[in-house]
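Asker: fold the following and give me the result.
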Amino acid sequence: MYETQYFKQQDGSKIAYKNLEPHNPEDIKNEISLVLIIGLWSVKEEFIGLEEELAKSQKGYVVSSDDPISLDLMAQDTIALIKHLEIKKFNLFGWSMGGCISFYIALNIPSDLKLEKLIICSSSIRLPTPSAFFNTIYDLPKPPEPLKNVQEQKDLIMNAFEKCFTDYMLENPEILDKLAKIQFNSNRPFEIFKRQWEALKGIDIVSKTQMIKTTTLLLYGEADEMLPITEGEFIANAIPNLKFIRIPKSRTYVLANNS
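Answerer: Residues are numbered from 1 along each chain as shown. From the prediction side, this is the model:
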């Protein structure tokens, strides 16, 4: 199990991350580190199964995007962490809001760092289609009542996502159990969510996407309702040197067991 570490910046803010590395240096097959950024109102532990898989063959760093300011500042914070870890060359994976942050990193990568590949999963380069689920939560006058137990968290998950996702969870109850326990036991402040959602509403880098020269892999589920496949098609037409993979009958929630 890899312990959470914290990088404290000059302004006093902290970035939570996990350093994933094979116990035996001889097991490292890929010399290029992989940095992963999680999405909106999520915690790094939701990369279920990826810790074990990544640590078998390469160095990996999982980052929680909890700094509640702006996408640009969260990108700069991530760059500061990468420099703190003395990483010079890396690949970058971003899911959902983590993908938005990754785009900002790609647009502002400093000359002393080398971003080799960009992997984006279910993200956006413009104001996303409003999500009824997140808008309803955002508009609440006060934080939602805390859930009483893991079963209530399971019920919330099963009511919030598309049928293809819930069908998969029904077929794999052990994964649903892991995800529910992670979300139920995680510290996910309501105020952090609100400010992250506000930051997402400000995204508009369509005019800058031609500047992204990094080789990019874009993953999108054809049944994703929060970010529909049309958004993936829009990104694919906007960024050069990009490979677009559609995943049929699915949504692109990051689960190593469903890769």
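Asker: in which helix or strand would I find K59?
Answerer: K59 is part of strand 58-63 when elements are defined by DSSP states H and E.
Asker: quickly run through the sheet partners of that strand, with directions.
Answerer: According to DSSP bridges, strand 58-63 has the following sheet partners: strand 14-20 (antiparallel), strand 30-37 (parallel).
Asker: would CSV of these with mean neighbour count be doable?
Answerer: No exception for glycine: its C-beta is placed from N, CA and C like everyone else's. Formatted as CSV, those follow (neighbours: other CB atoms under 10 Å):
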stretch, mean neighbour count
strand 14-20, 19
strand 30-37, 19
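Asker: quick check: which of those is nearest to F165?
Answerer: Each of the strands paired with strand 58-63 has some distance to F165 by CB to CB; the shortest is strand 30-37, at 20.3 Å.
Asker: about what we covered before: which residues sit against the strand holding K59?
Answerer: Taking contacts as CB atoms under 8 Å, 6 or more residues apart in numbering, the residues outside strand 58-63 that touch it are 15-22, 28-38, 44, 47, 50-51, 54, 78, 81-82, 85, 87, 98.
Asker: could you pull out the strands for the stretch 51-200 of the chain?
Answerer: Taking DSSP state E, counting those that start in this stretch as the criterion, the stretch 51-200 of the chain contains strands spanning 58-63, 89-95, 114-121.
Asker: pull the CA atoms of the longest one into CSV?
Answerer: Written as CSV, here are the backbone C-alpha positions of strand 114-121 (Å, rounded to 0.1, in the frame of the first residue of the first chain):
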residue,chain,number,x,y,z
LYS,A,114,9.5,17.3,-21.3
LEU,A,115,5.9,16.1,-21.7
GLU,A,116,6.2,13.0,-23.9
LYS,A,117,2.5,11.9,-24.2
LEU,A,118,-0.9,13.2,-23.1
ILE,A,119,-3.7,10.8,-22.2
ILE,A,120,-7.1,12.3,-21.8
CYS,A,121,-10.2,10.5,-20.6
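Asker: now it: average pLDDT?
Answerer: The average pLDDT within strand 114-121 is 96.
Asker: in it, what counts as buried?
Answerer: 115, 118-121 (16 or more other CB atoms under 10 Å).
Asker: any idea of the angle that strand forms with strand 30-37?
Answerer: Orientation of strand 114-121 against strand 30-37 (axes from the mean of the first three to the mean of the last three CA atoms, to 10 degrees) gives an angle of 50 degrees.
Asker: over to the first one?
Answerer: Counting by the same axes, to 10 degrees, strand 58-63 points 10 degrees away from the direction of strand 30-37.
Asker: in this protein, where is pLDDT below threshold?
Answerer: 1, 23-30, 55, 57, 65-68, 128-131, 253-259 (pLDDT under 70).
Asker: the residue most central in space within it and Q196, how far apart?
Answerer: Compute the mean C-alpha point of the chain, and by CA atoms, centre = their mean the closest residue is I38, 2.5 Å away. Separation of I38 from Q196 (CB to CB, to the nearest Å) stands at 11 Å.
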